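**Student:** pasting the sequence and the predicted coordinates here, then a few questions.
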Amino acid sequence: MSVTSSVTSVTSSPPSLPADVFELGAEHEQVVFCQDAATGLRAIVAIHSTALGPALGGTRFHPYATTADALADVLDLSRGMSYKAALGGLDLGGGKAVIIGDPATLKSEALLRAYGRFVESLSGRYLTACDVGTYSEDMDHVARESRHVTGRTVAHGGAGDSSVLTAYGVFRGLLAAAEAAWGTDSLEGRVVGVSGVGKVGRHLVGHLVEAGASVVVTDVSDQALDRVRDEHAGVRVAESTEALVASPLDVYAPCALGHALTDEVVEVLSARVVCGAANNQLAHPGVEKALADRGVVYAPDYCVNAGGLIQVADELEGFSFARAQQRAARIYDTTRAVLELAASDGVPPATAADRLAERRMREVGRLRGIWLG
Ligand SMILES: NC(=O)c1ccc[n+]([C@@H]2O[C@H](COP(=O)([O-])OP(=O)(O)OC[C@H]3O[C@@H](n4cnc5c(N)ncnc54)[C@H](O)[C@@H]3O)[C@@H](O)[C@H]2O)c1
């Protein structure tokens with residue numbers, strides 16, 4: 001791993017930070033600290049792997065309490081992107097960036113453009129996109145300084161809102177998981193609980209209703225619930241996520257924040273299938289085994305939520321929605337392959353997904369070192 005810094009000293013960081021970076025990111029190729037005092041930009045770009053190609057991953061804009069928290073998050077998220085791209089069959093590596101601060105007060109055109117210059121300085125080894133706290137309009141600003149940007153608005157040649165194909169991919173994965181559980185991928189009459197009906201959850205509800213499922217939703221935002229009720233009159237609303245998971249369900253789709261699958265949730269869950277959009281659904285290692293032991297078919301999060309990555313990656317070839325949708329549809333086959341490997345190897349699906357992703361990185365990945373373009 002190479003660690004480059006644009007500054008000679010980062011006053012808020014503990015003196016031991018560089019040593020910690022090597023330890024914390026033992027698998028990572030490169031971690032770049034970026035600072036622009038004039039705009040208040042403090043960002044970290046982490047490139048986990050370029051074995052399969054340039055590292056693509058979004059920029060999270062978040063008020064981390066400490067630099068160490070931001071570093072831990074970007075290392076974790078970038079590693080996840082390598083696995084997601086590898087399993088999704090993309091010729092991309094894994095990277096991610098975080099901008100430290102409250103986007104509501106710190107975000108400005110000048111800051112985003114300063115950030116864009118740092119992205120450009122990596123010469124395409126890292127390709128950025130939207131994540132929590134950043135939007136397509138922000139990427140348009142970043143793109144005024146860098147060629148290595150995806151997730152721009154449609155008006156600027158971008159793929160726009162990635163939640164459309166994220167939801168479609170989750171739906172395709174859900175069909176494959178249903179087939180593994182019940183021998184048929186028909187969702188007619190199945191009760192599906194969706195926790196979190198934001199950008200992705202809302203689109204997923206549309207696919208489920210169309211497939212004949214009986215949908216129950218929950219969200220902490222009344223606005224989000226109202227919008228779904230307006231769009232689909234037949235959808236029922238549960239009081240809370242706790243009430244939803246404890247109610248009779250065939251499928252549970254976590255589409256809000258991470259760590260939805262805790263020991264407590266597994267204990268009360270009646271659903272035979274768990275398949276949702278949220279990242280990092282397993283609250284801790286071991287939950288995947290608890291789910292398998294209870295006969296729950298878990299469709300791994302990064303396997304089924306790769307549609308958004310597929311959508312923005314398509315921008316690199318000149319965006320075609322039809323082509324990207326066709327690729328996202330293959331999440332059905334990938335999920336089936338993961339579940340088949342899990343059955344044949346006698347391991348939980350999450351382990352099987354890791355094995356398939358690692359196999360592709362190893363077998364298809366570049367042998368002559370880091371990606372340079
Ligand atoms: N947008 C994408 O393309 C994409 C791609 C891959 C993964 N994901 C993941 O999918 C999930 C949803 O993403 P999104 O873009 O729809 O985000 P979003 O912010 O639009 O939606 C999240 C929704 O969850 C609700 N929520 C928050 N806490 C909740 C709780 N405790 N109980 C119930 N609802 C709660 C929010 O009110 C909001 O409506 C996230 O975990 C995200 O990381 C999104």
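**Tutor:** Structure's in. What do you need?

**Student:** show me what from the protein comes close to the ligand.
**Tutor:** Within the chain, the positions lying close to the ligand (CB under 6 Å from any ligand atom) are 162-163, 166, 195-201, 218-221, 224, 241, 255-258, 277-279, 305, 308. All C-beta atoms are positioned from the backbone trio N, CA, C, and that covers glycine.

**Student:** switch the cut-off to 8 Å
**Tutor:** Contact residues, the chain versus the ligand (CB under 8 Å from any ligand atom): 130-132, 161-163, 165-166, 195-202, 218-221, 224, 240-241, 254-258, 276-280, 301, 305-309, 311.

**Student:** pLDDT of stretch 51-66, averaged?
**Tutor:** Across stretch 51-66, pLDDT averages out at 97.

**Student:** buried residues, that stretch. List them.
**Tutor:** 51-62, 64 (16 or more other CB atoms under 10 Å).

**Student:** which stretches of this protein have low pLDDT?
**Tutor:** Along the chain, segments meeting pLDDT under 70 span 1-19.

**Student:** what about 50?
**Tutor:** 1-10 (pLDDT under 50).

**Student:** quickly note the distance from A68 to D76.
**Tutor:** Using CB to CB, to the nearest Å, we find A68 at a distance of 13 Å from D76.

**Student:** show me how far stretch 109-117 is from its chain's centre.
**Tutor:** Offset of stretch 109-117 from its chain centre (CA atoms, centre = their mean, to the nearest Å): 24 Å.

**Student:** got it, and stretch 282-297?
**Tutor:** 20 Å.

**Student:** quote the end-to-end distance of it.
**Tutor:** 14 Å (CA to CA, to the nearest Å).

**Student:** do the same with stretch 142-159
**Tutor:** Stretch 142-159 has an end-to-end distance of 15 Å (CA to CA).

**Student:** which parts of that stretch are buried?
**Tutor:** Buried, per 16+ other CB under 10 Å, within stretch 142-159: 142-143, 145-146, 148-153, 158-159.

**Student:** which residues does that stretch contact?
**Tutor:** 54, 56, 58-59, 112-117, 119-120, 122-124, 126-130, 136-137, 139-140, 160, 162, 311-316, 318-319, 321, 324 (CB atoms under 8 Å, 6 or more residues apart in numbering).

**Student:** just the ones of these in helices?
**Tutor:** 112-117, 119-120, 136-137, 139-140, 311-313, 321, 324 (DSSP state H).

**Student:** buried ones among those?
**Tutor:** The buried subset of the ones in helices among the contacts of stretch 142-159 - by 16+ other CB under 10 Å - is 112-116, 119-120, 136, 139-140, 311-313, 324.

**Student:** could you confirm V31 falls within a strand?
**Tutor:** Yes: counting by DSSP: H, G, I helix; E, B strand; the rest coil, V31 is found in a strand.

**Student:** quick one: it from the ligand, how far?
**Tutor:** Per CB to the nearest ligand atom, to the nearest Å, V31 is found 22 Å from the ligand.

**Student:** thank you kindly, that will do.
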